[in-house]
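> what's the 3D shape of this:
(one chain, ligands or ions: 3)
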Amino acid sequence: MRVLETVGGPEDLKGLTDHQLTELAAEIRDVLVETVSRTGGHLGPNLGMVEITLAMHRVFDSPKDRLIYDTGHQTYVHKLLTGRAPKFDTLRQQGGLSGYPSQKESEHDIVENSHASTSLSYADGLAKAYRLRKEDRHVVALIGDGGLTGGMAWEALNNIAAAKDLKLVIIVNDNGRSYSPTVGGLATHLTSLRTNPRYEKILDLVKKNLGRTPYVGPPMYEVLHGVKKGLKDMLAPQGMFEDLGLKYVGPVDGHDRQAMEDALTKAKQFGGPVIVHAVTQKGFGYAAAVQDEEDNFHQVRPKNKPRGWTDVFAEELVEIGHRRPDVVAITAAMLHPTGLAAFAQEFPDRIFDVGIAEQHAVTSAAGLAMGGMHPVVGLYATFLNRAFDQLLMDVALHKCGVTFVLDRAGVTGDDGASHNGMWDMSILQVVPGLRLAAPRDGKRLQELLNEAVDVDDAPTVLRFAKGEVFDDIEAVDKVGGTDILVRTGTDVLIIGIGSMAATAVDVATRLQDQGFGVTVVDPRWVKPVDPKLVELAGKYKFVVTIEDNGRAGGCGSAITQALRDAGVTTPVRDFGIPQQFLDHAKRAAVLTEIGLTGQGLARDVIEMIAKHQGDAIASEPDTASGRPNGA
Ligand SMILES: Cc1ncc(C[n+]2csc(CCOP(=O)(O)OP(=O)(O)O)c2C)c(N)n1
Ligand SMILES: CC(=O)[C@@H](O)[C@H](O)COP(=O)(O)O
Ligand SMILES: [Mg+2]
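Numbering: from 1, shown residues only. Ligands and ions are numbered 1, 2, ... in the order given. Sure thing, here's the model as predicted:
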């Protein structure tokens, strides 16, 4: 029997021998490689977390002590050790284990949000609560070196450093990488700490080697005294953590479980906020993942992926870069996943990786624009949320020509609720002057990106979905800035937005089969609403909008408002993502579940028309009584 099968929960770890624990670590790595290569997921980060997680669960008593993981993508080992090994092969599958902590899965899980740099703030709050409630509980926050480049982490550290009596242990999992090598002064400082063993170790080294060399000079004890003093001065607590007033323990080899347990035990006994600096290797124990220069093992993805929206963007931006020397690009630690690596390769002086620091990225972009450049900020749609105020008050208020390219917009699926890009077309509606485009296919993405970078007096935003780019859908006509894709009658006008234009065409076909006359349009620029689209809508019996965004405050709402403001009373039905936190599943499965498919939408539109017609008949006056039918 494998050791892993004897671990029903973290309490079972305490009685294991060193040999069994070494066995267990090897078994866990085998399970990670075998499972994740099948299901997809974060192989590199989790291979680096095996010994640290074992030590965390052996030194602390979860769930009495709370273990918080920043971003949560590195919690597969935590799940295996907290009773979920039997279900681990359902990882990231619909109805199976989430790839992130999940409160409904386990009492050992607490933070579900996969947005980075939040863990220390949660920990600060939790530790304060336990102090106030006089509960003897520790809070342990694990944050990566990448997570530490996010501003929230420093807001939290500023507070934690001042709270001497919080039972709070921060483990910095320093593997030198986010997706790519971690950037900035912090990364350099962590390296200096990492490569700067405390003076005891150096002293041992000196003692060992001095005895070996032919030696002429002052008595040995004087030399050692001088070395010791010199080293103390040199290695006096200069680390920024200690400068902040935080107790620092480390650097510790994060793959030496015993060393980690010793460090965590020391930290636990301290009784106040402590930082344990663990040094690990992302992908440790699996050679291919360790030499992962292309970030392929941060997140294991299907082999030979089809050409995606990201690829189209990546290529077009390089073209633009050649034509426009003022165009620069900014990434928040996601150079490869957002498609900016090609631009960086071609224009190494015009790419800025700011770390996981979206807020800084956006306001720095405003600065770049004020300085005469045209920045293109590449983000995942969901992560723009974090920098909304910067976009509103630093970019838009000053009418800065910044182009935001939001990848993974709409339902992303696998990474659960905090990763779906379902918010951007709602929150961006309120930004004065901002222009928002949603390309329906690769060709429109190229066109709209070129149009966007030509706007230098307002923020422009392009947003597109995760995965394979759609085949080009050519327009049969144009009205104003709006493309007409299908035109067979004036019963229903379907406004298909971005990736939902193809679905709108599918809905039209299904409605035509039922005898309805349907027109499908793609506005391309969805904000501001095209006045010609408003005019057109007035000629139809029904208007339907379809968007891969939350319904609340989305494009459908904006278009309805524009129609009503123009006195157009045509009934409108807006379809979008229900305003809920959606469980993880493949994108297609989620779209089916929420009815955002051709079949589901066609059924709903027919029902809407039937109801409307039924209501109309019911409200017609009865010829005899003069009262409405059925009254
Ligand atoms: C706000 C935010 N921006 C970007 C991401 C995407 N992301 C997921 S994991 C990751 C890298 C995390 O690096 P680190 O904290 O060092 O953890 P490691 O993977 O190295 O263990 C990034 C950038 C995110 N989850 N949240
Ligand atoms: C944890 C995180 O934020 C990303 O690593 C996330 O898994 C994105 O995955 P995709 O790049 O496959 O959309
Ligand atoms: Mg890291």
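> every contact and neighbour count from this point should use C-alpha atoms.
OK.
> point out where the stretch 251-400 of the chain drops to low pLDDT.
Applying pLDDT under 70 to the stretch 251-400 of the chain picks out residues 291-296.
> now the stretch 101-250 of the chain
In the stretch 101-250 of the chain (pLDDT under 70), the answer is 195-218, 221, 223, 226-238.
> now do the strands in it.
139-144, 168-174, 247-253 (DSSP state E, counting those that start in this stretch).
> for whichever residue of the stretch 51-200 of the chain sits closest to ligand 2, grab phi and psi.
Distance from ligand 2 to each residue of the stretch 51-200 of the chain (CA to the nearest ligand atom) is smallest for H73, at 5.3 Å. Per-residue torsions, H73: phi -80, psi -10 (degrees, to the nearest 10).
> if we ignore the residues flanking it in sequence, what's nearest it?
Leaving aside its chain neighbours, H73 sits nearest to Y100 (5.4 Å; criterion: CA to CA, 6 or more residues apart in numbering).
> what number of residues lie near that neighbour?
26 (other CA atoms under 10 Å).
> that one should be in a strand, yeah?
No. Assessed with DSSP: H, G, I helix; E, B strand; the rest coil, Y100 is coil; it does not lie in a strand.
> hmm, it is touching T75, no?
Yes. Counting by CA atoms under 8 Å, Y100 does reach T75; the two are 6.5 Å apart.
> how about the residues of the protein by ligand 3?
Within the chain, the residues that sit near ligand 3 (CA under 5 Å from the ion) are 144-146, 175, 177-178.
> for these, which single residue is the most surrounded?
G146 (28 neighbours).
> let me see the contact set for the closest residue to that one other than its chain neighbours.
What sits nearest to G146 in space, not counting adjacent residues and going by CA to CA, 6+ apart, is S178, at 4.6 Å. Shown in contact with S178 (CA atoms under 8 Å, 6 or more residues apart in numbering): 144-147, 333, 355.
> still on that earlier bit, now do the residue nearest to H73, the pLDDT please.
On pLDDT, Y100 comes in at 98.
> could you measure from it over to L244?
For Y100, the distance to L244 equals 31 Å [CA to CA, to the nearest Å].
> repeat for L21
Distance of L21 to L244, given as CA to CA: 36 Å.
> more neighbours: which of those two?
Comparing L21 with L244 by other CA under 10 Å, the one with more neighbours is L21, at 19 against 14.
> rewinding a little: adding distance to ligand 2, write the strands of the stretch 101-250 of the chain out as CSV.
Shown next, in CSV, are the strands of the stretch 101-250 of the chain (distance: least, CA to the nearest ligand atom, whole Å):
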stretch, distance to ligand 2
strand 139-144, 12
strand 168-174, 15
strand 247-253, 24
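> out of the ones you listed, which gets nearest to ligand 1?
Short answer: strand 139-144, nearest of these by CA to the nearest ligand atom, at 3.4 Å.
> quick one: the closest one near ligand 1?
Yes. Using CA under 6 Å from any ligand atom, strand 139-144 comes into contact with ligand 1 via 143-144.
> may I have that strand as PDB, with CA atoms only?
This file holds the C-alpha atoms of strand 139-144, laid out as PDB (Å, rounded to 0.1, in the frame of the first residue of the first chain):
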ATOM      1  CA  VAL A 139      -2.600  31.800  10.700                       C
ATOM      2  CA  VAL A 140      -0.100  30.700   8.000                       C
ATOM      3  CA  ALA A 141       0.000  32.500   4.700                       C
ATOM      4  CA  LEU A 142       2.000  31.100   1.800                       C
ATOM      5  CA  ILE A 143       2.800  33.600  -0.900                       C
ATOM      6  CA  GLY A 144       5.100  33.200  -3.900                       C
END
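> elements contacting it?
strand 66-69, helix 119-132, strand 168-174 (3 or more CA pairs under 8 Å, 6 or more residues apart in numbering; DSSP states H and E).
> domains in this structure, by residue range?
Domains of the chain are assigned by the TED database as 3-207+240-284, 309-465, 479-617.
> out of these, which is closest to M220?
Checking the domains of the chain against M220 by CA to CA gives domain 3-207+240-284 as the closest, at 9.5 Å.
> start to end distance for the closest one?
First residue to last in domain 3-207+240-284 (CA to CA) measures 20 Å.
> same check, this time on stretch 458-476
Taking CA to CA, stretch 458-476 runs 31 Å from one end to the other.
> so does it get close to ligand 2?
No. Between stretch 458-476 and ligand 2, judged by CA under 6 Å from any ligand atom, nothing touches; the nearest distance is 6.6 Å.
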